[in-house]
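Engineer: Compute the structure for the input listed below.
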Amino acid sequence: MIIKVDDLTGTEIKSLIGEHLQGMQLHSPPESIHALNLDGLRKPEITCWSVWGDGELMGCGALKELDATHGEIKSMRTASSHLRKGVAQKLLQHIIEEAKRRDYGRLSLETGSMEAFEPARRLYARFGFEECGPFADYTSDPNSIFMTKKL
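Structural biologist: Below is the predicted model:
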């Protein structure tokens, strides 16, 4: 697997972000969807990566700088045809290492509370993320779980 910074212009990544947004709409009420579209991900404070293997897009994820000491994981998604191949693990480890390289003291995320998001919550917990309260501009929401990891 190769992980590279992605400018979000390729057809494959556009399709995967679209799949990600559709999944959020399928499992979350509109007011609880915090996933970013392509324009939202193209902000200067956000770095996006894509994971490739054998010429195929396997997954994507992003890191948003909230401030000089705090980052947020955004838009983690594994392509449906590459589930359970370690794509999310490899990408999450990459994002954590990048957050450490940037000297962030903390890395946080928001994910859904519904059963469809249980595999993601288990993955984050395996990497040391713990549930926390809302951070940044988030507010309490029964459809959201907030997690954080001290680096």
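Engineer: ok, now which residue in this structure is the farthest from the centroid?
Structural biologist: Asp54 (22.7 Å; C-alpha atoms, centre = their mean).
Engineer: List phi and psi for that one.
Structural biologist: Torsion angles at Asp54 (phi, psi; degrees, to the nearest 10) stand at phi 50, psi 40.
Engineer: Just checking, which helix or strand of the chain averages the lowest pLDDT?
Structural biologist: The least trusted helix or strand in the chain, going by mean pLDDT, DSSP states H and E, turns out to be helix 11-27, with a mean of 82.
Engineer: Buried residues, that helix. List them.
Structural biologist: Buried positions in helix 11-27, judged by neighbour count with 16 or more other C-beta atoms under 10 Å: 12-13, 16-17, 20-21, 23-24. (C-beta placed from N, C-alpha, C; glycine too.)
Engineer: in its sheet, what does the longest strand belonging to the chain sit against?
Structural biologist: Under DSSP state E, the strand in the chain containing the largest number of residues is strand 56-67. When pairing is defined by DSSP bridges, strand 56-67 lines up against strand 46-53 (antiparallel), strand 70-78 (antiparallel).
Engineer: Next, the angle helix 11-27 makes with that strand.
Structural biologist: Between strand 56-67 and helix 11-27, the angle comes out at 70 degrees (axes from the mean of the first three to the mean of the last three C-alpha atoms, to 10 degrees).
Engineer: buried residues in strand 56-67?
Structural biologist: Applying a neighbour-count criterion of 16+ other C-beta under 10 Å, one finds 57-66 buried in strand 56-67.
Engineer: Can you lay out those as CSV showing distance to Tyr124?
Structural biologist: Shown next, in CSV, are the buried residues of strand 56-67 (distance: C-beta to C-beta, whole Å):
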residue, distance to Tyr124
Leu57, 22
Met58, 19
Gly59, 15
Cys60, 16
Gly61, 12
Ala62, 15
Leu63, 14
Lys64, 16
Glu65, 19
Leu66, 17
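Engineer: closest to Ser75 among these?
Structural biologist: Within the buried residues of strand 56-67, the smallest distance to Ser75 is 4.7 Å, found for Ala62 (C-beta to C-beta).
Engineer: who's that closest one bridged to?
Structural biologist: The residues listed as beta-bridge partners of Ala62 by DSSP bridges are Cys48, Lys74.
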